[in-house]
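A.B. asks: prediction below, plus the sequence it came from.
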Amino acid sequence: MPALANPSAAEALLWAIILFPLSGALINGLVGKRIGKGNATLVALGAMVGSLAVASIAFAWALSGRTLHYHGDPWIQVGALSVSWSLLVDRLSGTMLLVVTGVGTLIHIYSTSYMSHEDDAGYARFFTYLNLFVAAMLILVLGDSLLLTFVGWEGVGLCSYLLIGFWFTDPQKAFAGRKAFVVNRIGDFGFLVGVFSLLAIFGTPVYAEMSALARVVTPDAVITAGVFAGWTYQGAVTFAMLALFVGATGKSAQLPLYIWLPDAMAGPTPVSALIHAATMVTAGVYLVARNSMLFTLAPAAMATVTLVGAVTALFAALIAFTQTDIKKVLAYSTVSQLGFMFIGVGVGAWWAGVLHLVTHAFFKACLFLGAGSVMHGMGDETDVRKMGGLSSKMPHTHWTFLVSTLAITGVVPLSGYWSKDAILGNALFSHNPVWHEVGPIAYVLGSLAALGTAFYMTRLYWLTFRGAPRTHAAEHAHESSPAMTVPLMVLAVLAVAALVLGLPGEHWALGEVFKEYLAPVFAAGTERLYSHDVGHFHEGAHPAWPYFAAWAIAAVGTLVGWLMYGGGWSKLPARLAGAWPWTYRFMQDKFRVDELYDAVVVRPLKTAAAVLWRWVDVFVIDGTVNGLARGAGLIGSVVRLTQNGDVQRYAAVMAIAAAAILWTVLGVGGL
Amino acid sequence: MNLLTVVTFLPLAGAVLLALIPRDEAGQHRAATLVFTLLTFFLSLGLWFGFDASPAAPEFQFEVRLPWMPSIGIGYHVGLDGVALLLVMLTTVLMPVVILSTWKAVGERVKEFMVALLVLETAMIGTFAALDLILFYVFWELMLIPMYLLIGIWGSQNRLYATVKFFIYTFAASVLMLLAILFVYFHDGNTFDYLEARSALQVTAEQARYLFLAFGLAFAVKVPMFPLHTWLPDAHTEAPTAGSVILAGVLLKMGTFGFFRYALPLFPEAALTYRPLLAGLATVGIIYGALMSFVQTDMKRLVAYSSVSHLGFVMLGLAALSAESLTGSVYQMLNHGVSTGALFLLVGMLYERRHTRAIAEYGGLARQVPWLATAFLVVTLSSIGLPGTNGFVGEFLILSGTFLSRLASSTVLATVASIGVILGAVYMLVLVEKVFFGAIKNEENRHLPDLSVREGFVLAPMIVLIVVMGLLPGPFLAPAKPAVDRLVQRFQQAEARLGVPTSVGTVDAAVAARPSLPPGRAF
């Protein structure tokens, strides 16, 4: 294959990565219902395999140190604005590319079994949306400019909307889909303002061009003209980055816009795994990493990213404590883990944030698919209180879930341990010039969140798989088909194997391979961080104690979780709930944030709209018009004329009226 | 024979021919009308391909100038710039679609109905093509009469009130505009010719301001701009589907086109004075229209209010006066014609099935009518400006162009206007959800037929346009460029005359504004 030997041949193929799933979606969307499930599967899976194959070639080039750039045709070209359909594969987007197509393919395979109960139309519709999602996600990742990323960004939002509301006959599910879209639109508003600001600063939305320009500007030089006249570059870029980050909090479910993600669990479980755990929700992290060079100009924005990530990590972990729906626990866990990633990219340890993105994609996809397998085996039951003892009934689901639980908990030496610790260690020793303590604060909050993670995951695992079956359904649960368990196994193995990416120590062959691998992408940003004018890191070696601390945290959290749900403290949860009933309910009600937003935003807006309509539109404006007309006697006379139903006469009157206006006014004007 | 003149009057010729067909032959009336509108469309393709969008090309092409009433300076003078070309194309594309959509919906007085539509088409094309003020006014008035009839005769229950309201608003507006045209006539060397008026007009600054207000008010009613919009929900709601589609698709553009062609270039100094007002009202309209849509219970009324919001974007882009924002406005005129036109077509199809516009009567339709639901969703996405659809290109150009324009407080206006993008998603998706998702509550909805082949042909061109204009906007942006550039230039010249620092055009990017920049390296 020439693409293997020649990078420009590979560049010419880049669009194929996107066009494969896009054509899959088109075919299944148009004729999928008629060609039967077998053929629909063939189309959807074929598209994914094709995409994965080309993506692998592109990744191989990125791995070899080559950046692939496809110079596409112009899309929007007006005045100074110029955007083209150009794609970029460097090591960062190459990594995302493999995650999206790799995990995406596994989840497509899993879905062939999971969705097999749907009728032909539903089955084809599901794979149409799933393929379309992958295509949109790939545009997001591969686009070489903010605007092309935005195409994918809103595209994945659309697919998320469609898939959350996949079973749209249930009004709650349809509502959950809309809620996701609207909350994301709030984020997208920030994204747009960010794009406008960056256009005002750099005059281009192309990543490479912005980064190149960001390298040459002096942060505290004052901008002389334009939108940001009077601001320093640092100030203007900070504004832009904060706006972009609003977009990231929407898509990646961070405070205060995380509220859509738990509801998004209304979608089919493979969707939760692919979109709401492994890929789409990490887009915000990718966005921050992609613009690392710009963020180094904006330490205040970096501090914000760090803090929002840290607070979200802890906040969501706390909510997960008391949830009883297996998917809801995992959803809050995802929100929390995304918070970790933001700590990483917020303190300038971009590679660590991206590493956690990768490891999380493996173990969280595995956990969600495991949850789906459990639901499948239990007749769509999601309440963990009705489970228990599934380990013997569903052995494959069980061991893969256990491995992933250990990985997310941060048990040595699984992948999650290294990636999470890389984030927390780097946070602790970071040094943001705007707010020195933000890194250590994030370390503390993040460590507490890690403690919480170990607790709620152990609780979830134990309630689901251990102990005695608590219901009839749990007693008669059955293992899922190989189409579902094999992807679980692959993901579990990956969740372990990914540990090689994050081993510490730079002086041996396997040390910090992922950091080294991503170094070219982040080199310029890192250079500026270490430089005098920003100074994010203390230079010099990090001590080893955080590694041991992390180890201890995972152990303690797991132990407490086991004691309370599997061991000798099993009366404690009920006693705690009884001792502080209000607190317990408040936690179970997810701190009532939805209700708060409803009271503060949604209802006032509805009321305002209704009041404006009744008073301004109907009363003031229409009242004036009607009053004027009535005063002139027009309404009466015209209505009388028309009420006899004589069309010709009506037309004639209208024509004469128009002519009369013309002549009267002509006459008046002539005087 | 001049192609533009042929395209303009072919529908009228069709109307005359229709008069010869016996009244009872409804099928023949429909077929003949379809043939004439299709023929008009194919001929207009000659305009599309014959138009030269290079900067060196003449401003107005396919131009004809014949004396009509030379004693008082009225001539038959027509021609197209790129913007008028795009709008003529929009008209000729929409008309066959509209005719096809009325096939089953209109069963009474088919002959009169078709004649009205054909007369309307000539009037609309003529309004865009006219380069003589009186000719423009005649077409403008000619356009209103069939529209009154469409609403007044083929409308629904409340049609009389709607017609009267529409009449009052447009009557007042027309009188003002006519007065202004006459005033211009007496101050440009006694001619109604647009090009001569534009170059020879001699008025004081104060007179120019009044003239701008007179033209502006007439156009603002038509757009409609907040707070002159209340005729629109009634007119839209009561009009038959064909009326709503044409009203939304083309007639509202008369207002924005009027600003672009007449109010702004004829009185640039005055326009500079009132620009903040226009931009402010436009922004209020964006948010206000969206909020109104939010609380409507009638589908057509909801879509009508959404037009107030969408046309607010167009007006904001016009007031911002940067190349990007103006181009975006032109593009958004087309988008709104396609998307809102398609929305009214879809609402009409739902109405034909259930004979109600009340949103609450629907629910859970997606399973019964999957193709109709899919089409509705695609059009919704275009309406809320999802990237990949035409709506995004227009909205993005308007918002970024306004943000980067030199208009005072433009960043605040653009940011507030961007909130309209959020609100748009809210009300449109609520509509989709209430109509198509959820369980079927109403038994009557259980056995609705999905799209027929004819309806497929009605919607297909709209959906193709939505996607093509979203992914490949280039060919649709190109004709607008010379007209937009000339308008910006006109304003720059006006500012030079006034000796004020420029407030039109796009600001420079901060980095590019630096005196010297080392060659950028890729990262």
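C.D. replies: Looks like it arrived, so ask away.
A.B. asks: burial of the residue in the stretch 151-300 of chain B that chain A sits nearest to, as a residue count?
C.D. replies: For the stretch 151-300 of chain B, the residue positioned closest to chain A under Cβ to the nearest Cβ is B:Leu182, at a distance of 3.4 Å. The C-beta positions use only the backbone N, C-alpha and C, and glycine is treated the same way. The criterion is other Cβ atoms under 10 Å in any protein chain shown. On that basis, B:Leu182 has 19 neighbouring residues.
A.B. asks: gap between the helix or strand hosting it and the chain center?
C.D. replies: Element membership of B:Leu182 [criterion: DSSP states H and E] is helix B:159-185. Once both centres are worked out by Cα atoms, centre = their mean, to the nearest Å, helix B:159-185 turns out to sit 18 Å from its chain's centre.
A.B. asks: could you give me the average pLDDT of that helix?
C.D. replies: Averaged across helix B:159-185, pLDDT comes to 85.
A.B. asks: just stretch A:413-423 next, same as before
C.D. replies: 90.
A.B. asks: chain B contacts on the stretch 51-200 of chain A?
C.D. replies: Residues of the stretch 51-200 of chain A found near chain B, taking Cβ under 8 Å from any Cβ of the partner chain as the criterion, are A:67, A:74-81, A:121, A:147, A:150-151, A:153-155, A:158, A:161, A:165, A:168-171, A:174-175, A:178, A:181-182, A:185-186, A:188-189, A:192-193, A:195-197, A:199-200.
A.B. asks: following the chain onward from the helix holding B:Leu182, which element is next?
C.D. replies: Past helix B:159-185, heading to the C-terminal end, the next element that is a helix or strand (DSSP H and E) is helix B:194-200.
A.B. asks: so what's the closest residue to chain B within chain A closest to, chain neighbours aside?
C.D. replies: Nearest residue of chain A to chain B: A:Gly203, at 2.8 Å (Cβ to the nearest Cβ). With Cβ to Cβ, 6 or more residues apart in numbering or on different chains as the criterion, A:Gly203 has its nearest non-adjacent residue at 2.8 Å, and that residue is B:Ala509.
A.B. asks: next one: B:Leu343
C.D. replies: Using Cβ to Cβ, 6+ apart and skipping residues adjacent in sequence, the residue nearest B:Leu343 is B:Val303, 5.0 Å away.
A.B. asks: what about the one you found, helix or strand, and which?
C.D. replies: Assigned by DSSP H and E, B:Val303 falls in helix B:299-320.
A.B. asks: name the helices or strands packed onto that helix?
C.D. replies: Identification of packing neighbours for helix B:299-320 by 3 or more Cβ pairs under 8 Å, 6 or more residues apart in numbering or on different chains; DSSP states H and E yields helix B:231-238, helix B:252-258, helix B:268-294, helix B:323-354, helix B:390-403, helix B:410-436.
A.B. asks: one more pass at 6 Å, please.
C.D. replies: Of the remaining helices and strands, those touching helix B:299-320 by 3 or more Cβ pairs under 6 Å, 6 or more residues apart in numbering or on different chains; DSSP states H and E are helix B:231-238, helix B:268-294, helix B:323-354, helix B:390-403, helix B:410-436.
A.B. asks: list the contacts for A:Leu445?
C.D. replies: Under the criterion of Cβ atoms under 6 Å, 6 or more residues apart in numbering or on different chains, the contact list for A:Leu445 reads A:310, A:314.
A.B. asks: helix or strand: which one has it?
C.D. replies: A:Leu445 is part of helix A:438-465, with elements assigned from DSSP H and E.
A.B. asks: shaky segments in the chain?
C.D. replies: You didn't pick a chain, so chain A it is. Using pLDDT under 70 as the threshold, the predicted model of chain A has low-confidence ranges A:1, A:532-542, A:629-671.
A.B. asks: you answered for a different chain; I wanted chain B.
C.D. replies: By pLDDT under 70, the weakly predicted segments of chain B are B:512-523.
A.B. asks: please report how far B:Leu266 lies from B:Gln296.
C.D. replies: Relative to B:Gln296, B:Leu266 is positioned 37 Å away (Cβ to Cβ, to the nearest Å).
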